[in-house]
Structure formats: C-alpha cells, structure tokens
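Enquirer: give me coordinates for this.
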Amino acid sequence: MIERAFIEQGIRKVELDRFLRGKLERAGFTRSEIVKTPLVTRIVVNVVSPGLAIGKGGENIRSLTEAIKTKYGIENPQLEIREIPKVNLDSQAVTDKIVAAVERGFSWRSVCFRTVRDIMGSGAKGVEIIVKGVIAGKGQRKRKQRLAEGYMKKVGNEALLVDYAKGTAITKIGAIGFKVRIVRPDVQFLDKIDLRNYIGKKADETVVAESVPMEVEPVTEKAEEIVEEKTEKKETKKPKAEKPKAKKEKKEEPAEKKAEESAVEEEK
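Expert: You can find the predicted model right below:
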C-alpha cells in the first residue's frame, strides 16, 4: 500500500538522522535532506563545522557512505556537507548549544537570556524559548518558564514557517527540556505586509529603471541601407491611372422652342 511506503520512508529518515547525529555530534549536525536522482541518492548534511565532518582526506565521508549503503540499503548514496551560514538562526544548533552549556554546569537562566539576545542580534524577527523541568533546585517541583522576544506565530499554516527544535539536558538535579522557536529574517507573514511600503518600493524601482540611461550603439550603415530601400520602393510605385472625366450631356431643348425658332427663320 502507498501509506505503508510513506511510513517506512519516514521511519528510515528518522533512523538516518539518529545515526548521523551520533557520528557527527562533534561537527554540530542539525538535520539532513534526501534528494533522489535517476543516478544517485544525494544526502545533504547540515553541520556547524564542515571540517570535522569531512575529516582528514575525506575519511569520514567515505566511511559514512559505506555505512549508510550497507545499513539502510540506499543505492549509490552521495554525501554532501553543507555549512550553516548563521548558527544563531538555526533552532537545532541553538538547542544543542543550550543543552551542552547546561550539562556543563552553567545556569539555564543566564544561558537562555544570552541566547535570546544573540538570536535577536542576528536579525531574527522573533524567538521563543520554553524551559520545563527541575529548574528551581534540588527537591523542588517541576515548573515551566517562557522567554520570548519579537513576533511569533503559534497556530495556523503560517506556524510551519517557524523554525522549531527541542532537546533535553540531563543534569544532577534532574532533566530539563528546552523548546526553541525562531522566526528568520526572510520569513514573511501575511498580516505583517505593509502595502504602502511595498507599493513605494515598486515605484522607486520603476523610477530607477527609467532614470538609468540606455546605451545605444550607432547604426549608420543599416540606417543608410534602410533609407535606400525606402527610396527604391517609392520610385517603383506605379502612377495611378487617371479616370476619364464623364462628359456632360447637353440637355435637349423642348420641341415647342424648336418649332418657334424654325417659324421665325421662314418669315425672315
């Protein structure tokens, strides 16, 4: 069945992400993308430090390719390492960073507040970090804390545009969970589009396009040829045939006038 094939594909994707996360933990693995082509299966791996992922002379790439081919049955796998341009705008990278800092003994409060400041400083439109677990101290009840800044979408289809990730830090006093949501600078929500600014930008673009002078190359020879062709065409035109003017027929005089004129001539 088609549904079973989709479920198996999703399970294989989750297992592959877990495998790559375990192998590329030091490189800062965040997520992977599978792109199937007629010849090869391209696996794009997003990491923070690509040098550690590639290894010396590409050793890690070759070993991972062979492991993926034998363990998951993917035909002709081809690994592509992609560096994350801005780490503070990737929710999974930020979550891993918070978890690592808290597990080393830093206060979750200072780490989260500093992370929110760094994310907004990188140009994000909004950020939300939810902390849940034993955060008050040893022997205290679990509670939940929310840190947010900027604009955030939580429901509707536009909530899919928000980058979301979660992680768990295992500390001495207990487990602490973190949920991170980031609205990147390139995300546009429909309720935040200002039509006046949009129309103004379009008008400015048209004005700039009109003000730019156009470089026109001199075309003298072609212009002369075109003029000569036009003159030849004018000469070859046949003169219009003049229509013969219709002769005006003289009106016949009435018979009475003719009889009177003949009688006058006889008397003379």
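Enquirer: now E59: phi and psi?
Expert: Torsion angles at E59 (phi, psi; degrees, to the nearest 10) stand at phi -70, psi -40.
Enquirer: give me the neighbour count for it.
Expert: 10 (other CB atoms under 10 Å). Every C-beta, even on glycine, is put in place using the N, C-alpha and C of the backbone.
Enquirer: distance of it relative to F178?
Expert: Distance, E59 to F178, by CB to CB, to the nearest Å: 33 Å.
Enquirer: E66 now?
Expert: From E66 to F178 the distance is 35 Å (CB to CB).
Enquirer: the more surrounded of these two?
Expert: Using other CB under 10 Å as the criterion, E66 and F178 rank with F178 on top: 24 against 11.
Enquirer: Three-state assignment for that one, please.
Expert: Assigned by DSSP: H, G, I helix; E, B strand; the rest coil, the conformation of F178 is strand.
Enquirer: surely it and I129 touch.
Expert: Yes: using CB atoms under 8 Å, F178 is in contact with I129, at 6.6 Å.
Enquirer: any common contacting residues for these two?
Expert: 98, 112 (CB atoms under 8 Å, 6 or more residues apart in numbering).
Enquirer: mind listing the helices in this protein by residue range?
Expert: Assigned by DSSP state H, the chain shows helices spanning 2-23, 50-54, 59-72, 91-103, 108-121, 195-211, 220-235, 255-267.
Enquirer: any low-confidence regions in the stretch 1-150 of the chain?
Expert: Residue ranges of the stretch 1-150 of the chain with pLDDT under 70: 1.
Enquirer: recalculate using a threshold of 90.
Expert: Residues of the stretch 1-150 of the chain meeting the criterion pLDDT under 90: 1-18, 20-28, 30-41, 49-80, 85, 134-143.
Enquirer: go through stretch 182-202 and flag the buried ones.
Expert: By neighbour count with 16 or more other CB atoms under 10 Å, stretch 182-202 contains the buried residues 182-184, 187.
Enquirer: err, stretch 147-159, not the other one
Expert: In stretch 147-159, counting by 16+ other CB under 10 Å, buried: 153, 158.
Enquirer: just the endpoints, please. Distance across it?
Expert: In stretch 147-159, first residue to last residue: 18 Å (CA to CA, to the nearest Å).
Enquirer: ok, residues contacting that stretch?
Expert: 112-113, 116, 120, 124-131, 161-162, 181, 183, 189-190, 192.
Enquirer: please indicate which of those residues are buried?
Expert: Buried among the contacts of stretch 147-159 by 16+ other CB under 10 Å: 112, 116, 120, 124-131, 162, 181, 183.
Enquirer: which among the residues you listed gets closest to P77?
Expert: Ranked by distance to P77 (CB to CB), the buried ones among the contacts of stretch 147-159 are led by V162 at 30.9 Å.
Enquirer: what sits against that closest one?
Expert: V162 is in contact with 152-153, 181-183, 187, counting by CB under 8 Å, 6+ apart.
Enquirer: can you redo those as CSV with pLDDT and distance to T70?
Expert: Converted to CSV, the contacts of V162 look like this (pLDDT from 0 to 100; distance: CB to CB, whole Å):
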residue, pLDDT, distance to T70
M152, 92, 43
K153, 90, 42
R181, 96, 37
I182, 96, 37
V183, 94, 41
V187, 89, 40
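Enquirer: between those, which sits nearest G174?
Expert: Distances from G174 to those, taken by CB to CB, are shortest for R181, at 23.7 Å.
Enquirer: now that closest one. Nearest residue, chain neighbours left out?
Expert: Excluding the flanking residues, the one nearest R181 by CB to CB, 6 or more residues apart in numbering is E128, at 4.4 Å.
Enquirer: in strands, which of the buried residues of stretch 182-202 appear?
Expert: Judged by DSSP state E, these include 182-183 as members of strands.
Enquirer: from the buried residues of stretch 182-202, which two are the most distant?
Expert: Across the buried residues of stretch 182-202, the longest distance by CB to CB is 9.4 Å; it joins I182 and V187.
Enquirer: tell me how far the residue nearest to the spatial centre of the chain lies from E15.
Expert: Geometric centre of the chain, nearest residue: D186, 8.9 Å, by CA atoms, centre = their mean. D186 sits 31 Å away from E15, going by CB to CB.
Enquirer: all good on my end, thank you.
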